[in-house]
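Visitor: Here is my input; please provide its structure:
(one chain, ligands or ions: 2)
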Amino acid sequence: MDETRLQGLAERLDDAVQSVSLVSQLTLSGPLDLAAAYRVQRLGIGLRAARGDRLIGMKMGLTSRAKMAQVGVHEPIYAHLTETMRVADGAVLVCDEMGHPRAEPEVAFLLGEDLSGPTDAAGAMKAVTGLAAAIEVIDSRYRDFKFALADVVADNASSCRFAIGEWVAPQSLAEGPGLANLDVQLVIDGEVAHAASTAAILGDPAESLAFLANMLADVGESLKVGMVVLAGAATPAVHLQPGMKVTAHVEKLGSVGFSVA
Ligand code: OOG
Ligand code: MG
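Guide: Ligands and ions are numbered 1, 2, ... in the order given. Alright, predicted model coming up:
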């Protein structure tokens, strides 16, 4: 597909992020296959890098049925995480700086070594040096949060902000089923809004990490030491409103939270 056209699409989405505005689905105005959509995503990350932002990790999305059902797209996807998207545990997020943000609980991995596919869950976990509870704020650039697979891929899988709790050594989960069946809760203003098990994430969040490494291997890329990876939410996301206090708990990994202004 024509690179100039893809660059134009990346700029349209990037402008919308910067001006906090929403756009029509790209797939409504012309064909966009999955490879072209990932190209648009990478061109968008290039635009951010040109402004001094830096790649610090990656995320998987649509790895649970709850998430697939919420947005009507039924295929796991990946996206990029940059430094300016990271917010501190306990931070205050300003709603006006986002379009129609939603929050979802995540499991985060910290890589202690490079990780290349092909691999499997056990192989991928060998590269992991830290695990944490996390929250991702997603904020689709598309009106009504409505998109097809290629739209959401081009839009960096809706990723907007993320907060990560304290890192826990993976060895602390060595006894028992590891990461595969931990309780996850998304708590809003002290009430459990959604609860699930990490098993909802492709059976085990480690499968999601391996899936990512394998998808990257297909395009000649790999994960690097020091990167953070989000496995994808186990529950639906919740719409954010000013005044909310949002916390995610993951059994054995701990908690993380922020407030919304
Ligand atoms: C797409 C991003 C999905 C997840 O954790 O499943 C995602 C969206 O829901 O807008 O981040
Ligand atoms: Mg997510």
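Visitor: Give me the distance between the residue in the stretch 1-150 of the chain that ligand 1 sits nearest to and residue 229.
Guide: Going by C-beta to the nearest ligand atom, ligand 1 is nearest to residue 61 of the stretch 1-150 of the chain, at 2.9 Å. C-beta here means a position set from N, CA and C on the backbone, and glycine is covered the same way. For residue 61, the distance to residue 229 (C-beta to C-beta, to the nearest Å) stands at 12 Å.
Visitor: ditto for residue 58
Guide: Between residue 58 and residue 229 the distance, using C-beta to C-beta, works out to 5 Å.
Visitor: Helix or strand: which one has the closest residue to ligand 2 within the stretch 1-150 of the chain?
Guide: Using C-beta to the ion, residue 136 is the residue of the stretch 1-150 of the chain that sits closest to ligand 2, at 3.9 Å. With elements taken from DSSP states H and E, the one containing residue 136 is strand 128-138.
Visitor: which parts of that strand are buried?
Guide: Neighbour-count burial for strand 128-138 flags 128, 130-138 (criterion: 16 or more other C-beta atoms under 10 Å).
Visitor: How about the spatially most central residue of the chain: what's its closest non-neighbour residue?
Guide: Nearest to the geometric centre of the chain sits residue 59, at 4.0 Å (C-alpha atoms, centre = their mean). Distance criterion C-beta to C-beta, 6 or more residues apart in numbering; nearest residue to residue 59, sequence neighbours excluded, is residue 230 at 3.8 Å.
Visitor: burial count for that neighbour?
Guide: Residue 230 has 31 neighbouring residues, counting by other C-beta atoms under 10 Å.
Visitor: now swap in residue 21 and tell me
Guide: Around residue 21 there are 11 other residues, counting by other C-beta under 10 Å.
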